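A.B. asks: Sequence and predicted structure are below.
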Amino acid sequence: MQSDLKDVLFLDIETVRVVDQYKQLNERLKTQWARKANFFKREEGQTDEDLFQDRAGIYAEFGKIIVIGIGKYTEQNGVLGLRTRYFADHDEKKLLSEFSDTLEKMGPATKLCAHNGKEFDFPYICRRALVNGLPIPGVLNVSGKKPWEVNHLDTMEMWKFGDYKHYTSLDLLAAIFEVPTSKGVMDGSMVSEVYHQQGDLNKIAEYCVGDVVAVAQLYLKMKGLPIIGQQNILYV
């Protein structure tokens, strides 16, 4: 296996608003949400409660993680494969503890890769770990590290080529590189409702792992390599 493919752990997280209804927030958090919501662009008649339903899940202060999907390249008889698994739980602390234990077992050589991971997934995990009274896993803890000591990769950053104004979604890159995705199952805007109304963690986890596979395939494309055949992707 090529050195730049070894020890790369691909991940994706799914997040939802911390409570189903705005009225379930305590008064202190309602006040803080109102302050944050003042900075949002609103449609006519849109209330703080409406904005909470739509957007709270993307902020670690008002959301929580319900699924973390991971994937790692494998090689057998010279054929590249991908092994995936996920952590899913209504109990965020338990989920994060299990994920952290897995990271620690993988060792310090592990390089994390996600799409927009440096702006979203990695800091979100760190913030929610602290909220739950957990230590930040070593590979995620960038405090005091020099830039070249941080083992974080980001397929969106790889596509930017230094253009820091440019945002490109995973969906768009998967489309132009003809990488299959899980978007037929659901999309990100549906996660909170599927969770709070249906409680269907399995459906969300399936969607999350699909994005992990897409990121791993996209990484190969950006290295000028062919994607992995479906028959060589293992779902645990």
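C.D. replies: Thanks, I have it. Residues are numbered from 1 along each chain as shown.
A.B. asks: Give the buried residues for stretch 132-152.
C.D. replies: Residues 132, 134, 136, 137, 139, 140, 142, 150, 151, 152 are the ones in stretch 132-152 that count as buried (16 or more other C-beta atoms under 10 Å). In short, each C-beta sits where N, CA and C put it, glycine included.
A.B. asks: average pLDDT for stretch 56-74?
C.D. replies: For stretch 56-74, the mean pLDDT works out to 96.
A.B. asks: and if you look at stretch 34-42?
C.D. replies: Per-residue scores along stretch 34-42 average to 85.
A.B. asks: Residue 217 contacts residue 228, doesn't it?
C.D. replies: Yes. If you go by C-beta atoms under 8 Å, residue 217 and residue 228 touch, sitting 6.5 Å apart.
A.B. asks: Show me which of those two is the more surrounded one.
C.D. replies: residue 217 (25 against 18; other C-beta atoms under 10 Å).
A.B. asks: so what's the more buried one up against?
C.D. replies: Contact analysis of residue 217 by C-beta atoms under 8 Å, 6 or more residues apart in numbering lists 174, 177, 179, 180, 227, 228.
A.B. asks: Check residue 100 too.
C.D. replies: By C-beta under 8 Å, 6+ apart, the contact set of residue 100 is 129, 134, 135, 137.
A.B. asks: in which helix or strand would I find it?
C.D. replies: Take DSSP states H and E as the rule and residue 100 turns out to sit in helix 92-106.
A.B. asks: so what strands line up beside the following helix or strand past that helix?
C.D. replies: Downstream of helix 92-106, the next assigned helix or strand under DSSP H and E is strand 111-114. Strand 111-114 sits in its sheet next to strand 8-17 (parallel), strand 152-154 (parallel), going by DSSP bridges.
A.B. asks: Not counting sequence-adjacent ones, nearest residue to residue 142?
C.D. replies: residue 150 (5.2 Å; C-beta to C-beta, 6 or more residues apart in numbering).
A.B. asks: Please tell me how far the one you found sits from residue 55.
C.D. replies: Distance, residue 150 to residue 55, using C-beta to C-beta, to the nearest Å: 29 Å.
A.B. asks: can you point me to the longest strand in this protein?
C.D. replies: Secondary structure of the chain read by DSSP state E shows that its longest strand is strand 63-76.
A.B. asks: For the chain, name the helix or strand with the lowest mean pLDDT.
C.D. replies: Within the chain, no helix or strand scores below helix 191-193, which has a mean of 86 by mean pLDDT, DSSP states H and E.
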